[in-house]
Each structure stands twice: as C-alpha cells, then as structure tokens.
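Asks: Using only what follows, build the 3D model:
(chains A and B)
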Number of protein chains: 2
Amino acid sequence: MIVPITLDCSATLCYDIMIDTLPKLTFDTKVAIITNPTVAAYHLDALLLRVGAKRVEVIEVPDGESYKTLRTVESVLDQLFERQFDRKSLLIAFGGGVIGDMTGFAAALYQRGIDFIQIPTTLLSQVDASVGGKTGVNNRYGKNLIGAFHQPRAVYIDPAFLRTLPRREFAAGVAEMIKMAVMFDATYFDFLESADLDDTYTLKEAIRRSVELKAEVVSQDEREAGIRAVLNYGHTFAHVIENETQYTTYLHGEAVAIGMVMANALAVRLGLLSVSEAQRVVDLLVRYALPVTYLINDANDFYTHFFLDKKSANDKIKFILPQGIGNYQVRDDLDASVVMSVLMQFGDD
Amino acid sequence: MIVPITLDCSATLCYDIMIDTLPKLTFDTKVAIITNPTVAAYHLDALLLRVGAKRVEVIEVPDGESYKTLRTVESVLDQLFERQFDRKSLLIAFGGGVIGDMTGFAAALYQRGIDFIQIPTTLLSQVDASVGGKTGVNNRYGKNLIGAFHQPRAVYIDPAFLRTLPRREFAAGVAEMIKMAVMFDATYFDFLESADLDDTYTLKEAIRRSVELKAEVVSQDEREAGIRAVLNYGHTFAHVIENETQYTTYLHGEAVAIGMVMANALAVRLGLLSVSEAQRVVDLLVRYALPVTYLINDANDFYTHFFLDKKSANDKIKFILPQGIGNYQVRDDLDASVVMSVLMQFGDD
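Replies: Residues are numbered from 1 along each chain as shown, chains lettered A, B, ... in the order given. Purely as a prediction, here's the structure:
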C-alpha cells in the first residue's frame, strides 16, 4: 500500500500528494481538463475513463514552453466563461510543467480563484512543478515573471504516464531530483548514483523522496521568504541560459543541469565544494546525457541578466550554492568580480 | 487626532486604514505611482511632494472603466519590467476604483506578488473599493471576472482629494454608503438621512463608519465564503445592468443604486421589507440625484444574465436582501417565477 504524502495543514498548504496508479476521481461539479495535443493523444482516453463529474470539458492548448503566455491563459479563461464555469468548478492540469503552471494560473484568476488538481505526466512536473503552488507564465522579459501562488487541491502522480515520455525529457526530470539530493540529502544522492530508474519500483522511490523533500521545504516556506529559495539551486544561471537561447535549445531541466554545474564552479571557487564532489555531480548528470557545459559569449551580459531574475530583490543577487553534497549556503554577499571570474571559465578560452 | 482603523491581524488582513490628511510617505525601495491623466492633472504634484523613495516612477493608464482590462494591466507590468522593478518594489494606486483594482491586480501578478498601497481619490473607492483586497479586471463576459485577492499594505483616505470630484461621482460613492447602512446599521442610515456631506467633518465621519463596517465584514470573511457576500447587496442586479448598458450609461454606484431598488422590490415581495422602508431608501438615493429606475426590456434575458455573475455557484443565484433597514438575508432558494415577477415590475408596462 502506498501512503499519500500529506502536507502540513497549518497554512494553506493542505492537500494530498498521491504517488500511485491514478484512482477513480469523482466530482459533483463541472470539471475542465486542461491538456495539450501530445498528452491528449497518448493518455486522454485513459483519463476520461477515470474522471466522473457533473460535466467534463476538455480544453487543449498548444504544446510547448513558447505558448506559456498570458495570451494562452486568457484563451483558457475565455473558454471557461463560454462554458459558464462557476466558482465551484474545478480544473485538472493534465500534462507537464507548462500545463500545470498555466492551469494553476487560470484557476487562480478565474473569478478570483477556483480549485484545481494536478495530474503531472512528465517526470520533471511529477517531482517538481506539481508541488508548491507556484503558477504563472513567461513574457518577453523572462520566465515565470507573471504569476500567482495558488495551491492545488490534490496532486496525483502516476509513473505509468512516463512510459511515453521521450528519454531527453525523462533526463530533465532526473536533473531536478539530483538538485534536491545535492541541496538536502547526501543519502539520496548516493541512492541516485546507484539507482536503475528504468525499474518502476526504484523510480517510484526516487520520485517519492524528491517530492517529500520538496513538500517539506514548501510547507516551511510557502512564499519563498527563506528556505524555499534553495530550490532555485542552478536556476539563477538556468534562467539566463534559457533566456539567452529563447527557450528553444534546452529543456528546463537541462538548463538547470548546466546551472548546477555553474553554481558548483562558484562553490568550488569559494571553497564550499571540493573538486571531486563537483565531479560526482557532473558524472551523475552525464549518466543521464544531461548537458554540463554552455558557452558564455559575454560574461558581462550574462551577469547583467541576473538582475531581471525575480530572486534579486533590491539589486542583490542571491546565489544558492552547495556546501558539500547534501547541504547548502545562500549567498548574497559575493563580489561581482568573483562571480565574473567563474562566468569567464565558461567563456571562449 | 484621528486614530487609524487597524484590521484584525489574525489572517493576511493586517494593515492600517488612515482617514486624514495624507501624511509624508517614505519608502526605501522603488515605487511606481499608477494613476490616470485626470487624477494626475489635479493631484499628482501634491502626491509627489509627499512620497519619498529610492526612485519614484509614474505610470499613467487611460481613464475609464472600459480600460479596466487584462491588456492595460499587462502594459503596466511591462513598464515595471522595463524599469527593472523587483520583488521589494512597491506600487501606489492613485485614483478611483478602476485604478485601485488594476494596480492591486498588477501587484498580485508581478513576480507572483509585490506590495501595494491604496490612495483612493473618489468617494466610491474611499468607502468601498480600497478596502478588502479584491483586485481584477473586466472582460467581455462581465465585470471583475478575472482577478485575485491581494491585500494592500495600507490605505490612505484623504477627503481633500474629493474637492475636484464631479457631483455625479460623489453621489455614486454615497450609494455605497447607503448600501452599508441598509445592510448593517440602522443608526448609520438615520445619520445619512440627516447628514450634510458637504461639511468636511460630517463627511469624514460618514466615510469612517462605512469603512469600519466594511473592514469588519472583510476581516471576518476575506474570501467571500459567507458574510462578505452581503456587500453584494444591489450588485447582482447592478452587474447585469452595467453589462446590458456596456458600462457606459451608469457609474458603478449608480447601477448599484438601481440594483438596491430592485433588491428592495424583491424584499418587499417576500415580506422582508415594508413599502415605507423601501421608500425611505429611494428618498435618500433621490436626494443625491441617484437613479432609481431602469427599463428591463426582456426580463428573461435579464434573468439569464444572473448566471454569469460570479456569485452564482453551481447554477444557483444568491440574492442579498434587506430585512428591514439595518439587517439582511441571503437567499438562494427563490423560485425563478418570484424573481421574474419582480423583474417584470421594471418592464415596459
């Protein structure tokens, strides 16, 4: 029997995360499944067999990060209004992180907030995006810059959906698992080093530990005042990389993989991480064919781009760095010259 | 000395509402004043003299309810990104309800939420819109259908701004005061019947009582699960009227005035309100030249339009009705035929 992870109900963070075969879901309200054509083609029929409701609508949005815009969310809202959804209606996010973020955002905005549940179908969204209540969209200034905090009513994580996931996207999910391990749990890192994630039981355990760690962090800090910022390990760099490459070259998890390598280089420079520990992280990333290098053409430009990242309040950049494997340090006191010297390691020569 | 109204800090509703001459405001962050050309022409210079900050930007949006759209909010967000506002930056809503709702909404969405303060410059927004944390925009399906709950950090109500307010807009604000009195406070209703609101001291007292009542309601019920719905007295009808007239014929408070008369007719029909009590409300509205009639061309159409209103969950319409003056009843059990018969009283013959 699989016991659901129940979040601490002290705040608004009060819902179950189930890691198991998707159960039958019954609602006494109108329900809209928000998905994309790719996920729908593989899995929509199976989902429809499991969802019972007063009425079930399916709203498809185009597949891909480039459609994660206010415009797409507005079109979802329009379709909900057309169908006269009300305040008790429910949305189901059925897809990866893009679908989850936009569905959660639409739910946050529709008539000032309706319920939604998450059924993530990618490894990345199963271990990361589906837990924590961050919702939102990108704009031309960057990623997730417009959004809201809106917690799902429940999260159903069924690894069966991963069977149709391209290998590259699977690896991008593993990158987030590695992130959690490096920041919080050396034992989990050891486990990942020796794990065969093609084995379903092992995969479930790996997902479970990642979700547990994330749920713990988020329960402590819903609004990212403190420890939640640690989840951004690798992301400060990744956001700039994704921005520079117009979100077309790398999957999010791939950019995070590179971002972790960059953060680790900074940690090594500061004496927080040994060269061999940094190498262990690279080796694990490489095992999943994740990218670990990126050519920074203009370190100055790259550095400037940090400042649009939303983690930088009052013109200070906050770097999340590993302190050995399994621990972290948050640093906002680094000289530009130190950061620049590390960025230059990723330069042309 | 004027004591600020401090909201109950149990939940997220924890801020001061000052009713007095605007004090000097000093911030150690970037600040953007969101306003419109009309308010700016009259009062911006005075405001700028009182606001000190790391940097003060002014963002003007077009004046009027028809610009209360997602598009306008997006353009405000774009301008904040252009100016590299961060998570610690602050917005100041400087204008009426439209400015307040859009500024609050922009603050809710910018990097998933930044602080804002309200400096309302119309009577309506001083007594109503500036307190309660409802933010949002209209779309082609209706009013305030897209939005978020986001509480201001503080509200500064300075009646001096009302000196330049057109008489008709002043009256629209009085309509909301009358609404609060009819629902919650017979003594306040008596006071309004005899008050001379051209007298500044009396006006301050009138504003104060309305704000106190609203703050009390909102503190009890931030998310409109219960008593907060009572604030929608007159609004269920008003929203349909505003929608039918494309928001061009009536100011919001004027539509609410008509809406109260309609709700009262329903209350009289149900024996909740006497004819003479209903007449007292009409007389008070008329004293401020507020409209009290509206020609319903098609009662069926009018009735159908209730269903898009966000207060109707699961296809039930909730009517907020006075029970005498100073008390209320919330009814969602009314036969369509009863409501229709009252709507038909507002018909052609």
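
Asks: Next up, the contacts around A:Q246.
Replies: When contacts are counted by C-beta atoms under 8 Å, 6 or more residues apart in numbering or on different chains, A:Q246 touches no other residue. C-betas here are computed from N, CA, C, even on glycine.

Asks: Need the three-state assignment for it.
Replies: Using DSSP: H, G, I helix; E, B strand; the rest coil, the structure places A:Q246 in coil.

Asks: where's it relative to A:A255, distance?
Replies: For A:Q246, the distance to A:A255 equals 12 Å [C-beta to C-beta, to the nearest Å].

Asks: how close does the closest residue to A:S274 other than its chain neighbours get to A:V275?
Replies: The spatial neighbour of A:S274 that comes closest, neighbours along the chain excluded (C-beta to C-beta, 6 or more residues apart in numbering or on different chains), is A:V268 at 7.4 Å. In this structure, A:V268 lies at 6 Å from A:V275, with C-beta to C-beta as the measure.

Asks: Over to A:H235?
Replies: 23 Å.

Asks: Likewise for A:V240?
Replies: If you measure A:V240 against A:V275 using C-beta to C-beta, the figure is 24 Å.

Asks: Of these two, which one has the most company?
Replies: A side-by-side neighbour count of A:V240 and A:V275, using other C-beta atoms under 10 Å in any protein chain shown, places A:V240 first with 26 against 8.

Asks: what pLDDT does the more buried one get?
Replies: The predicted local confidence for A:V240 comes out at a pLDDT of 93.

Asks: Over to it. Which of the three states is it?
Replies: Reducing the assignment to helix, strand or coil with three-state DSSP, the entry for A:V240 is helix.

Asks: try A:V137
Replies: When the structure is reduced to helix, strand and coil (three-state DSSP), A:V137 reads as strand.

Asks: Could you check how many residues crowd around it?
Replies: When neighbours are defined as other C-beta under 10 Å, A:V137 has 23 of them.

Asks: A:L48 too?
Replies: A:L48 has 13 neighbouring residues, counting by other C-beta under 10 Å.

Asks: That one against A:E57, yeah?
Replies: No - between A:L48 and A:E57 there is no contact under C-beta atoms under 8 Å: 11.0 Å.

Asks: between these two, what contacts are shared?
Replies: Taking C-beta under 8 Å, 6+ apart as the contact criterion, the residues that touch both A:L48 and A:E57 are A:I33.

Asks: Give me every residue in the stretch 51-200 of chain A lying close to chain B.
Replies: A:70, A:74, A:77-78, A:81, A:84, A:86-88, A:108-113, A:134, A:136, A:139, A:141, A:144-149 (C-beta under 8 Å from any C-beta of the partner chain).

Asks: ChimeraX command for the buried members of these?
Replies: Paste this into ChimeraX to select the buried members of these, with burial taken from 16 or more other C-beta atoms under 10 Å in any protein chain shown:
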select /A:70,74,77,81,86,87,88,108,109,110,111,112,113,134,136,139,141,144,145,146,147,148,149
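
Asks: Which of the residues of the stretch 51-200 of chain A next to chain B fall in strands?
Replies: In strands, defined here by DSSP state E, the members of these are A:K134, A:G136, A:N139, A:N144, A:L145, A:I146, A:G147, A:A148, A:F149.

Asks: quick one: the helices in the stretch 51-200 of chain A?
Replies: Assigned helices in the stretch 51-200 of chain A, in chain order: A:70-82, A:97-109, A:123-124, A:167-184, A:186-194, A:200-220 (criterion: DSSP state H, counting those that start in this stretch).

Asks: Pipe those into JSON lines and attach mean pLDDT per row.
Replies: Written out in JSON lines, the entries for the helices of the stretch 51-200 of chain A read as follows (pLDDT from 0 to 100):
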{"stretch": "helix A:70-82", "mean pLDDT": "97"}
{"stretch": "helix A:97-109", "mean pLDDT": "97"}
{"stretch": "helix A:123-124", "mean pLDDT": "94"}
{"stretch": "helix A:167-184", "mean pLDDT": "96"}
{"stretch": "helix A:186-194", "mean pLDDT": "97"}
{"stretch": "helix A:200-220", "mean pLDDT": "91"}
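
Asks: Please tabulate those in CSV, including the columns distance to B:N300.
Replies: Listed next are these as CSV, based on distance: least, C-beta to C-beta, whole Å:
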stretch, distance to B:N300
helix A:70-82, 20
helix A:97-109, 31
helix A:123-124, 51
helix A:167-184, 52
helix A:186-194, 63
helix A:200-220, 49
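
Asks: Would you mind telling me which of those helices is nearest A:V330?
Replies: With respect to A:V330, and counting by C-beta to C-beta, the nearest of the helices of the stretch 51-200 of chain A is helix A:167-184 at 10.6 Å.

Asks: Name the residues of the closest one that are buried.
Replies: A:169-184.

Asks: One more: stretch A:248-260?
Replies: Along stretch A:248-260, the positions that meet the burial threshold by neighbour count (16+ other C-beta under 10 Å) are A:Y250, A:L251, A:H252, A:G253, A:E254, A:A255, A:V256, A:A257, A:I258, A:G259, A:M260.

Asks: now, among those residues, which is nearest to chain B?
Replies: Each of those was checked against chain B using C-beta to the nearest C-beta; the closest is A:H252, at 17.2 Å.

Asks: what sits against the closest one?
Replies: Taking C-beta under 8 Å, 6+ apart as the definition of contact, the neighbours of A:H252 are A:E65, A:G97, A:L124, A:A172, A:A238, A:E242.

Asks: quick one, phi/psi of it?
Replies: Here is the backbone geometry of A:H252 (degrees, to the nearest 10): phi -50, psi -50.

Asks: what does A:V61 give?
Replies: Torsion angles at A:V61 (phi, psi; degrees, to the nearest 10) stand at phi -120, psi 160.

Asks: measure it to chain B for me?
Replies: 17 Å (C-beta to the nearest C-beta, to the nearest Å).

Asks: Next: A:G326.
Replies: From A:G326 over to chain B (counting by C-beta to the nearest C-beta), the distance is 29 Å.

Asks: Quick check: A:G142 touching A:H239?
Replies: Yes - at 6.3 Å, A:G142 and A:H239 qualify as touching, with contact defined as C-beta under 8 Å.

Asks: Who has more neighbours out of these two?
Replies: The residue with more neighbours, out of A:G142 and A:H239, is A:H239; 25 against 19, by other C-beta under 10 Å.

Asks: Compute the number of surrounding residues for A:A106.
Replies: 29.

Asks: no wait, A:L295
Replies: 7.

Asks: list the contacts for the residue nearest the centre of chain A?
Replies: For chain A, the residue sitting closest to the mean C-alpha position, by C-alpha atoms, centre = their mean, is A:A129 at 3.5 Å. Residues in contact with A:A129 (C-beta under 8 Å, 6+ apart) are A:G96, A:G97, A:G100, A:D101, A:P120.

Asks: go with 10 Å
Replies: With contact set as C-beta atoms under 10 Å, 6 or more residues apart in numbering or on different chains, A:A129 has these partners: A:93, A:96-101, A:104, A:118, A:120, A:122, A:135, A:173, A:176, A:214, A:252.

Asks: Can you turn the buried part of these into a PyMOL selection?
Replies: The buried residues among these can be selected in PyMOL (16+ other C-beta under 10 Å) with this line:
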select buried, chain A and resi 93+96+97+98+99+100+101+104+118+120+122+135+173+176+214+252
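
Asks: ok, of the contacts of A:A129, which one's closest to chain B?
Replies: Within the contacts of A:A129, proximity to chain B (C-beta to the nearest C-beta) peaks at A:T135, which comes in at 8.1 Å.

Asks: Which residue comes closest to that closest one once chain neighbours are left out?
Replies: The spatially closest residue to A:T135, leaving aside those adjacent along the chain, is A:G104, at 3.3 Å (C-beta to C-beta, 6+ apart).

Asks: Thanks a lot, see you next time.
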